[in-house]
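Trainee: compute the structure for the input listed below.
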Amino acid sequence: MKLENNDTISTIDISLLGFIYISDEFDRLSCIKSKFNEYSKRNNLNITLNTMFYTFRNSTTEGTNISYFLDELSKKKEKNEYDMFLLDTVYTGTYAEHFENLKKRLPSDLIELYMEGIATKTCIFDNKLIAMPLYVDYGGLYYNKILLNKYNMTIPATWDELIDTYKFIYEKETALGETIEKFSGLPDGEAGVAATLEMIHSFRKSVNDGFPGYISDEAVAALEKMKEIKKVISDNENFNRKQEKLWRKIYANHDNYIFFRSWFTDDIILNADQNRKSVHLKFAPLPGNSYGISGSCIGGSNIALSKYISEEKKKAATEIYKFLFSKEFQKYLILNVNKRSAIHSLYRDKEICAHINCTMYSNMQGIVRPVHTTPNYPKFSEKFYEYIKDYIIDENIHLLEKLRRQFSFLPFSYWCCFLIGQFLSICYCLNQIGNIQNYTCILRPFFITIGFTLSYVPFFIKLLGLFPRRNKFVKIINKNHNGSLILFIVSDVILNALCFLLDPIQVHKEFVEEGESFKVCRVNEWNVTHYKSDVVHVSYALYFSLFNIIAYMIVMNVKISNRYIYYGFRAGIIMVFYLSNLAIIIFPKFYSISIQKDNRFEDEIDINQFIEKTKAFDDNFQNELKFITMSDFVLENNKDKNYINYNNKYKQNNRYDSRDDNITNLNKYYYHSNNSHTNNTSSCKTDSTIYSNNTNTIDNINSMVFNNAIYSINRSNNNIYNNNI
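Mentor: Next comes the predicted model:
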């Protein structure tokens, strides 16, 4: 930009704030300022670039300082204090909203130079070019050239080769009394995230495949291999050593490493002195799971432009971009600053290839951290590294492995079925809370049966798979585990549906004379009082039979060498099975007959007995009503609850309105042997007295008890008899 006036020439100052991880780069990157200002002066742009870099010498070693700076700047009302920012690739996306879209300002041919390769992915967010990559860093393998040449070993192409080569050289050198450092493969902090992504990327099945994904089989295999490397050729301290500490030890002590993972800085050559040996470390691509497959995380620094500065400054900054990202300056960075450019076409330049290994850099199988897809990448990076460190270094996952071994009896899906079954069983209990409706009664058997099936059928299927004799049935079950489970569930649904259609469960009200009544779910069949005890006893017999079956299955699988014991156990269980059925089902009937004297089946109690006891009817009525039995008055099993209308001679007078279940204050009349009762005008001593001394129409009788059996008679306005004496 040339700004001229006949009288004065104005100069625009542009500030560049950045953070440099390695202190040596402070001097090397000073060329950004000097070279551009020379270019500006030579072309009369009247633009001055001022740089301010934070390094280890004037800050701490944590890369989050630039993040802190930007956080503070974004909170200020005046956000135009700095014009341009040199950022690590991992922070570019976090502050994308504060940066200018460079697609609108830079020439398209300049942007096109950087589209080859993947480094520019760290600069694009929401289809906006918010930064440009000044240089890129590659993650790779540093190897000890002296030791590899000494033992005629090659650079490992696979992780297994790396382990074998390290073990071979380590054994040879330690036998000579030399100190060899352990392998460093998971540096602490952000570099550890990059190393993990590289390891996963190196387990791709082919070169053209993309990143496998965090939960893929390749990722699992990669992490297992990383743990293997740590156990075989390293330890927790060395494998997780910070890269800054590692490099300080190399430069200060000439520590003897065979291999370690690091970002590219330069080939390291340290001459020997009186107490230290010479060191020659060279950079190479990381190994892979198979030949030709590798992985290298792309790092580096991007330059972004603040969107809060004036338009005049934005135009001036555009001129700086054109210079710094031109092919000429990028070539200068490669040859003089030993940086690597994101312009891939430069790796076909003969002058450059005479100084560096262009083939290696142009074929780096790069992977970028998900800074362009993760809104809050620093938080993601922190949690991701925490999980990886727990698994590789702290080995907290060993607890999970122990738990997995404890639960190895069933597959994971079957344990899930078991838990779902337990949950449904709990739902059965919760289903009884609150106001019970008909639909809750319908759901209850589904909860309990399907819950039982999901809880225990997986164990049954597993036990069948362990059955020693492989018959056709067992083979079918083993080949169709999921189908068998589904078949059991479908059977439950069908059986429950049939039960509902044939004999639905309904809400019934349980009346309590001196307490709060409540609702229950009840199958109508249970209202057949005569057979309730039979159903209960048969149920008990079935439950006890299950225990006998289980005991028999256990005995069948126990090896017994004694013939008498072998057959004795089997015969004993069968005998217990049948005797228990007899005892549970048959014995209660004889007990009721002989001891309790149960007369519940004497249902043909002639009402004439009632008439004779009470003298309530005259002879004509007695003769006409001889055919009536007490079953005419029984409401319990009557399906029509509105009234009883039996087909008899006096049906017009034999209509009984439905009993009001809400009436709790019932008049009760009891049958008393050898009791006497005196009415208003006379007395009589008989075997039974069950009549009212009221001379009015009898309309209060609600229930009568004969021989401990209650018969309900509903209120009626019919004047059945009158006891006027």
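Trainee: give me the distance between Met364 and Asp349.
Mentor: Met364 is 17 Å from Asp349, where distance means C-beta to C-beta, to the nearest Å. All C-beta spots, glycine's among them, are computed from the backbone N, C-alpha and C.
Trainee: which one of those two is surrounded by more residues?
Mentor: Met364 (23 against 16; other C-beta atoms under 10 Å).
Trainee: excluding chain neighbours, what is closest to the more buried one?
Mentor: If the residues on either side of it in the chain are set aside, Met364 comes closest to Ser296, at 4.8 Å by C-beta to C-beta, 6 or more residues apart in numbering.
Trainee: now the strands for the stretch 301-450 of the chain?
Mentor: Assigned by DSSP state E, counting those that start in this stretch, the stretch 301-450 of the chain shows strands spanning 366-367.
Trainee: mind showing which ranges of it have poor pLDDT?
Mentor: Applying pLDDT under 70 to the stretch 301-450 of the chain flags the ranges 394-404, 431-432.
Trainee: thinking again about what came up before, check what pLDDT the residue nearest to Met364 gets.
Mentor: Note on Ser296: pLDDT of 94.
Trainee: the domain parsing of this structure - what is it?
Mentor: Per the record, the chain has its domains at 12-136+299-356, 138-296, 412-596, 607-712, by automatic domain parsing.
Trainee: that older thread, got the contact list for the residue nearest to Met364?
Mentor: Contact partners of Ser296, counting by C-beta atoms under 8 Å, 6 or more residues apart in numbering, are 138-140, 198, 285-286, 364-367.
Trainee: which of the residues you listed fall within helices?
Mentor: Those of the contacts of Ser296 mapping onto helices are Glu198, per DSSP state H.
Trainee: write the ChimeraX selection for whichever of the contacts of Ser296 are buried.
Mentor: In ChimeraX, this line selects whichever of the contacts of Ser296 come out buried by 16 or more other C-beta atoms under 10 Å:
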select :138,139,140,198,285,286,364,365,366,367
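Trainee: point out where the stretch 151-300 of the chain drops to low pLDDT.
Mentor: Ranges of the stretch 151-300 of the chain meeting pLDDT under 70: none found.
Trainee: what segments of it are strands?
Mentor: Using DSSP E, counting those that start in this stretch, the strands of the stretch 151-300 of the chain run over 259-263, 268-270, 279-284, 296-305.
Trainee: turn the ones you listed into JSON lines, including distance to Phe380.
Mentor: Supplementary listing: the strands of the stretch 151-300 of the chain in JSON lines, determined by distance: least, C-beta to C-beta, whole Å:
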{"stretch": "strand 259-263", "distance to Phe380": "20"}
{"stretch": "strand 268-270", "distance to Phe380": "32"}
{"stretch": "strand 279-284", "distance to Phe380": "28"}
{"stretch": "strand 296-305", "distance to Phe380": "15"}
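Trainee: ok so, going back, quick one: which of the contacts of Ser296 is nearest Asn46?
Mentor: Tyr138 (37.9 Å; C-beta to C-beta).
Trainee: so the closest one versus Phe412, what's the distance?
Mentor: From Tyr138 to Phe412 the distance is 39 Å (C-beta to C-beta).
Trainee: and Leu542, by the same measure?
Mentor: Distance from Leu542 to Phe412, by C-beta to C-beta: 34 Å.
Trainee: do the same with Pro285
Mentor: Taking C-beta to C-beta, one finds Pro285 at 37 Å from Phe412.
Trainee: cool, and Thr374?
Mentor: 29 Å.
Trainee: who has more neighbours, the two?
Mentor: Each of Thr374 and Phe412 has its neighbours counted (other C-beta under 10 Å); Thr374 has more, 16 against 10.
Trainee: quick check: phi and psi at the more buried one.
Mentor: phi -110, psi 110 (degrees, to the nearest 10).
Trainee: wait, doesn't it sit right on Phe384?
Mentor: No. If you go by C-beta atoms under 8 Å, Thr374 and Phe384 don't touch, sitting 9.8 Å apart.
Trainee: before we move on, the earlier item: in CSV: the contacts of Ser296, plus distance to Asp209.
Mentor: As requested, these are exported to CSV (distance: C-beta to C-beta, whole Å):
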residue, distance to Asp209
Tyr138, 20
Gly139, 19
Gly140, 20
Glu198, 15
Pro285, 17
Leu286, 16
Met364, 16
Gln365, 10
Gly366, 13
Ile367, 11
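Trainee: buried residues in stretch 205-223, which are they?
Mentor: 211-212, 218-219, 222-223.
Trainee: now do stretch 169-179
Mentor: Applying 16+ other C-beta under 10 Å to stretch 169-179 flags 169-170, 173 as buried.
Trainee: hmm, who's touching that stretch?
Mentor: In contact with stretch 169-179 (C-beta under 8 Å, 6+ apart) are residues 147-148, 151, 153, 180, 233, 256, 258.
Trainee: centre of the chain to it, how far?
Mentor: 48 Å (C-alpha atoms, centre = their mean, to the nearest Å).
Trainee: now swap in stretch 82-89 and tell me
Mentor: On C-alpha atoms, centre = their mean, the centre of stretch 82-89 falls 40 Å from that of its chain.
Trainee: tell me how far the closest residue to Pro107 other than its chain neighbours lies from Phe183.
Mentor: Excluding the flanking residues, the one nearest Pro107 by C-beta to C-beta, 6+ apart is Lys322, at 7.3 Å. Counting by C-beta to C-beta, the separation of Lys322 from Phe183 is 44 Å.
Trainee: can you check Leu176 too?
Mentor: 19 Å.
Trainee: can you pull the contacts of the residue nearest to Thr122 when sequence neighbours are not counted?
Mentor: Excluding the flanking residues, the one nearest Thr122 by C-beta to C-beta, 6+ apart is Thr89, at 4.0 Å. By C-beta under 8 Å, 6+ apart, the contact set of Thr89 is 122, 133, 298-302, 368-369, 371.
Trainee: one step back: what about the buried residues of stretch 205-223, which are in helices?
Mentor: 218-219, 222-223.
Trainee: just the closest of those residues to Gly451, please.
Mentor: Ala219 (36.3 Å).
Trainee: can you map out the helices along the stretch 1-150 of the chain?
Mentor: In the stretch 1-150 of the chain, the segments counted as helices under DSSP state H, counting those that start in this stretch are 25-28, 31-42, 64-75, 89-92, 108-112, 145-150.
Trainee: before we move on, what about the stretch 201-350 of the chain?
Mentor: Counting by DSSP H, counting those that start in this stretch, the helices of the stretch 201-350 of the chain are 217-233, 236-239, 243-253, 311-324, 327-336, 350-353.
Trainee: nearest to Lys462, out of the ones you listed?
Mentor: Ranking the helices of the stretch 201-350 of the chain by proximity to Lys462 (C-beta to C-beta) places helix 217-233 first, at 25.1 Å.
Trainee: tell me how far that closest one is from the chain's mean position?
Mentor: With C-alpha atoms, centre = their mean, you get 24 Å for helix 217-233.
Trainee: now do stretch 506-518
Mentor: For stretch 506-518, the distance to the chain centre is 44 Å (C-alpha atoms, centre = their mean).
Trainee: what separates the first and last residues of that stretch, distance-wise?
Mentor: With C-alpha to C-alpha, to the nearest Å as the measure, stretch 506-518 spans 14 Å from end to end.
Trainee: and stretch 142-159, by the same measure?
Mentor: End residues of stretch 142-159 are separated by 14 Å (C-alpha to C-alpha).
Trainee: check stretch 142-157 too.
Mentor: 13 Å.
Trainee: in it, what counts as buried?
Mentor: Neighbour counts using 16+ other C-beta under 10 Å place 142-145, 147-148, 153, 155-157 of stretch 142-157 among the buried residues.
Trainee: measure the spatially most central residue of the chain to Gln422 for me?
Mentor: Here the mean C-alpha position of the chain is nearest to the C-alpha of Cys416 (C-alpha atoms, centre = their mean), at a distance of 10.6 Å. Distance, Cys416 to Gln422, using C-beta to C-beta: 11 Å.
Trainee: so which of Lys322 and Phe183 has more stuff around it?
Mentor: More crowded of Lys322 and Phe183, by other C-beta under 10 Å: Phe183, with 23 against 15.
Trainee: and the more buried one, how far from Glu224?
Mentor: 16 Å.
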